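Peer 1: Whatever this is, show me its structure:
(one chain, ligands or ions: 1)
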Amino acid sequence: MTDVKHWIDGRETASTGSTQPILDPSTNEEIATLHLGDASTVDQAVQVARTAQREWAQVSLSKRTQIMYRMRQLLIEATGEIAEVISREHGKTVADAKGEIARGQETLEFATSITQDLKGGFSENVSTGVDGYTFRQPLGVVAGITPFNFPAMVPFWMHPIAIATGNAFILKPSERDPSASNIVARLYQEAGLPDGVFQVVHGGKDTVDALCTHEDIAAVSFVGSTPIAQHVHATASAAGKRVQALGGANNHAVVMPDANVEFAASQVASGAFGSAGERCMAVPVAVTVGDIHEQFLEAIAAEAEKLTVGPGSDPATDMPPVITKDARERVIRMADEAEQAGGRLVVDGRGLVVDGYENGNFVGPTVVTDLPADHPTYTEEVFGPLLVVMHVNNFDEAVELVNSSRFGNGTAIFTGSGHYARRYQEEIEVGMVGINVPIPTPVGYYSFGGWKDSLFGEHHAHGPEGLEFYTKQKAVTSRWPHQEEHLEASMSFPTH
Ligand code: NAD
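Peer 2: Next up, the predicted model:
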C-alpha cells in the first residue's frame, strides 16, 4: 500500500486535509491512499509555479527542446513501469496502457519541434523605414484537469506543449488512477525541468473549483464528461480565464451496404469493447444501412463471443473491468431499460462473472438492437461495453441520425464507395471522422477535438491548436530613425 501525494516544487507533498482510497477495479480492494487537495494546496502550487514560470520563460528554446528530448527518452524507458501502474489502478490491460503512453509520446515529440513552431512573422518596410513582426508568448501559469480513462495520454495532450511554450503547468489528474502523473513529474525532474514548472495537485471538486477560480491561473484545459466540462467552462470563463473543455461522446459507426460486413464488425467490436468501451473515441453505436442489419448482428455477436473478459494484469485478457461498481451498475441498468422498452439483446453480458474476481467490476460485451431513436440507452453516453445497433434505409437517413446526436466527438463510415465516404466527411457534424477506421484519433501533430456538446471553447487539444491555446500573440511595429532624422508627427490617423 502506498500513499499518493501531491507533487509540488519538485517533491512529494502530503495533504493536511482528507484522503480517499484507490481501488483495484478487478477486486475492489484498496491498493493505495490518495491525498486530496483543496484551495490552499492549489494556492501553494500556484505560488511556486509563478516564480518558476518567470525564470522558465527566459530559458532558451534550444535548452527547452533538449529537456523535451531527454523527457522523451525517459518516457520510453519508463513505459513498462507506467503501464503497470495504469493497469493496476484503471484496470485496462498492460498492452492497452502501453498504447496510450505511445500516443502521449507523440504529443511530446510535437513539443520537441517548438523551435520551428514558435517562429513568428516578419515584414520589412510595412511603411518606409518601419517593420512589423509578430511572436507568441506564454500565458503564465496554466492548469489541466483530466479524466480517468487515459491517465497518461490525456495529460500528455496538454503539458508538453504548455511547458515547451514557456508556461508552468499544474495537473489535476483523475482521483481514480492518479499515480501515473506522479511518475511523469519525477521523469520531468530527471530530464532537467526546473522544479515548479510541472506540478501535480490531486483531489476532486474542491481542487477543480479552486483551479478554475484562482486569480493567478491564466488558462484551464479540461477533458472529462459533458456536465463537468460545462461546469469548468462556465466557472473558469467567468473568472476571466482562457478555457478549452472537452466533454463526452456517443460516437456512431455507419456501415453501408457495400461495406465488407465482417471487416466492419471486427472494427466496430474493437471500438465498442476495447478498454471496456471506456474511450472517448469508443464506438457505442453502429448504424446499419439497407439490408445488411441481420448479417451485421451475426458478425458482431461472433466477434463479442471471441473476447476474453478478465483483469488487466492477465495477458490473456481482451476486455477488462469498468472503473467502478457504479459504472458497472449503470451499464447493466441501461441494458435493462433497453430490454424493458422492447430492445432485443443480441449479446447479453449482464450476468458475467469472472472466476476468482467475483467482486470485480466486470460486465460482458453487450449488443442491443431494435431501440427507438429517442431511448436514453441510445441517446446518452453509456461509457461501458454496450453497443447499440440502429438501422436505417439509406445514406441520407444515416447522416440525419448521426447529426441528430447532441454529441459530435468522433464518427466512422465503413464503405467501399469513395462517393459516399466523401459525402459523409462533408455532411457529418462531428469533429473527427474515420473512413474505414473505427477510432479516428488524430496523430499528435494534428489537433484533437469534437463539436457540439463534446467541446466547449474555441481550441481543440494538442498539435497546432494546443500551441495557440497556450500562447498569445504579440504584434510589434518598429522604427529606428537615425538620431539626426527629424520626423514630423501627424495628427491624422497614420496611413502607409
Ligand atoms: P469526469 O467528468 O467525472 O471527471 C473528469 C475530471 O473532473 C476529473 O479530474 C474529476 O476529478 C473532475 N470532476 C469530477 N466531478 C467534478 C465536479 N462535480 N466538479 C468539478 N470537477 C469534477 O469524467 P471521468 O469519469 O473521469 O471520465 C470519463 C468522461 O470523460 C467520459 O464522459 C468521456 O467521454 C470523457 N472523455 C472525453 C474525452 C474527449 O476528448 N472529449 C477524452 C477522454 C474522456
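
Peer 1: How far away from the center of its chain is stretch 10-26?
Peer 2: 22 Å (Cα atoms, centre = their mean, to the nearest Å).

Peer 1: Could you do stretch 419-432 as well?
Peer 2: Distance, centroid of stretch 419-432 to centroid of chain: 23 Å (Cα atoms, centre = their mean).

Peer 1: now check that stretch, is it near the ligand?
Peer 2: No. Taking Cβ under 6 Å from any ligand atom as the criterion, stretch 419-432 and the ligand are apart, separated by no less than 8.9 Å. Using the backbone N, CA and C atoms, a C-beta is placed for each residue, glycine as well.

Peer 1: got the buried residues for that stretch?
Peer 2: 420-421, 423-424, 428, 430-432 (16 or more other Cβ atoms under 10 Å).

Peer 1: now, which of those residues lie within strands?
Peer 2: For the buried residues of stretch 419-432, membership in strands holds for residue 432, with DSSP state E as the criterion.

Peer 1: Adding pLDDT as columns, could you present the buried residues of stretch 419-432 in TSV?
Peer 2: Below are those laid out as TSV (pLDDT from 0 to 100):
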residue	pLDDT
420	98
421	98
423	98
424	98
428	98
430	98
431	98
432	98
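
Peer 1: Which pair of the buried residues of stretch 419-432 spans the longest distance?
Peer 2: 420 and 431 (20.0 Å; Cβ to Cβ).

Peer 1: If we only consider the buried residues of stretch 419-432, which is nearest to residue 345?
Peer 2: Relative to residue 345, the closest of the buried residues of stretch 419-432 is residue 430; by Cβ to Cβ it sits at 27.6 Å.

Peer 1: Is the closest one in contact with residue 413, as I believe?
Peer 2: No. In this structure residue 430 lies outside contact range of residue 413 using Cβ atoms under 8 Å: 10.6 Å.

Peer 1: The most centrally placed residue in the chain: what's it in contact with?
Peer 2: The centre of the chain sits closest to residue 154, judged by Cα atoms, centre = their mean, with a distance of 4.1 Å. Applying Cβ atoms under 8 Å, 6 or more residues apart in numbering to residue 154 gives the contacts 146-147, 223.

Peer 1: Please report how far it lies from residue 129.
Peer 2: 50 Å (Cβ to Cβ, to the nearest Å).

Peer 1: Over to residue 65?
Peer 2: Residue 65 is 35 Å from residue 129, by Cβ to Cβ.

Peer 1: The two - which one has more neighbours?
Peer 2: residue 65 (17 against 14; other Cβ atoms under 10 Å).

Peer 1: Please report phi then psi for that one.
Peer 2: The phi/psi pair for residue 65 (degrees, to the nearest 10) reads phi -60, psi -40.

Peer 1: check whether the helix or strand residue 70 falls within contacts the ligand.
Peer 2: Element membership of residue 70 [criterion: DSSP states H and E] is helix 61-90. No. Helix 61-90 is not in contact with the ligand by Cβ under 6 Å from any ligand atom; minimum separation 10.4 Å.

Peer 1: For that helix, give the mean pLDDT please.
Peer 2: Average pLDDT, helix 61-90: 98.

Peer 1: Could you list the buried residues of it?
Peer 2: Judged by neighbour count using 16+ other Cβ under 10 Å, the buried positions of helix 61-90 are 64-65, 67-68, 70-72, 74-75, 78-79, 82-90.

Peer 1: export the contacts of residue 154 to JSON lines and tack on secondary structure, pLDDT and distance to the ligand?
Peer 2: Formatted as JSON lines, the contacts of residue 154 follow (DSSP: H, G, I helix; E, B strand; the rest coil; pLDDT from 0 to 100; distance: Cβ to the nearest ligand atom, whole Å):
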{"residue": "146", "secondary structure": "coil", "pLDDT": "98", "distance to the ligand": "6"}
{"residue": "147", "secondary structure": "coil", "pLDDT": "98", "distance to the ligand": "3"}
{"residue": "223", "secondary structure": "strand", "pLDDT": "98", "distance to the ligand": "5"}
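
Peer 1: who's in contact with the closest residue to residue 253 other than its chain neighbours?
Peer 2: In space, and not counting its chain neighbours, residue 253 is closest to residue 412: 4.3 Å by Cβ to Cβ, 6 or more residues apart in numbering. Taking Cβ under 8 Å, 6+ apart, we find residue 412 in contact with 251-254, 267, 271, 283, 433-440.

Peer 1: Apply 10 Å and report the result again.
Peer 2: Residues in contact with residue 412 (Cβ atoms under 10 Å, 6 or more residues apart in numbering) are 251-255, 264, 267-268, 271, 281, 283, 286, 424, 428, 430, 432-440.

Peer 1: And for residue 282?
Peer 2: Here residue 282 is in contact with 149, 249-251, 270-276, 381-385, 387, 409-410, 438-439 (Cβ under 10 Å, 6+ apart).

Peer 1: burial measure for the residue nearest to residue 37 when sequence neighbours are not counted, as a count.
Peer 2: Once flanking residues are discounted, residue 37 sits nearest to residue 203: 3.9 Å by Cβ to Cβ, 6+ apart. Neighbour count for residue 203, taken as other Cβ under 10 Å: 28.

Peer 1: again with residue 326
Peer 2: Residue 326, neighbours per other Cβ under 10 Å, totals 9.

Peer 1: And for the one 5 residues further on?
Peer 2: A total of 24 residues lie near residue 331 under the criterion other Cβ under 10 Å.

Peer 1: and the helix or strand where it lies, what does it pack onto?
Peer 2: Here residue 331 is covered by helix 325-340, with elements defined by DSSP H and E. Where contact means 3 or more Cβ pairs under 10 Å, 6 or more residues apart in numbering; DSSP states H and E, helix 325-340 is packed against strand 344-347, strand 366-369, helix 376-379, strand 386-392.

Peer 1: what is the rounded mean pLDDT of whichever helix or strand comes after the longest one?
Peer 2: Right, strand 386-392. Counting by DSSP H and E, the next helix or strand C-terminal to strand 386-392 is helix 395-403. In this model, helix 395-403 has an average pLDDT of 98.

Peer 1: how distant is helix 395-403 from the center of its chain?
Peer 2: Using Cα atoms, centre = their mean, the offset of helix 395-403 from its chain centre is 26 Å.

Peer 1: Stretch 328-339 too?
Peer 2: With Cα atoms, centre = their mean, you get 26 Å for stretch 328-339.

Peer 1: What lies in contact with that stretch?
Peer 2: 25, 276-277, 321-322, 324, 343-345, 348-351, 360-364, 366-372, 375-378, 380, 382-386, 388.

Peer 1: buried stuff in that stretch?
Peer 2: Here stretch 328-339 shows 328, 330-332, 334-335, 338-339 as buried, counting by 16+ other Cβ under 10 Å.

Peer 1: swap in stretch 144-155?
Peer 2: For stretch 144-155, using 16+ other Cβ under 10 Å, the buried residues are 144-155.

Peer 1: Count the residues that sit near the residue nearest to residue 223 when sequence neighbours are not counted.
Peer 2: Excluding its sequence neighbours, the residue lying closest to residue 223 (Cβ to Cβ, 6+ apart) is residue 246, at 4.5 Å. Residues lying near residue 246 (other Cβ under 10 Å) number 29.

Peer 1: With respect to residue 12, which of the contacts of residue 154 is nearest?
Peer 2: residue 146 (19.4 Å).

Peer 1: May I ask you to confirm that that closest one is in contact with residue 222?
Peer 2: Yes. Contact criterion Cβ atoms under 10 Å: residue 146 and residue 222 qualify, at 7.9 Å.
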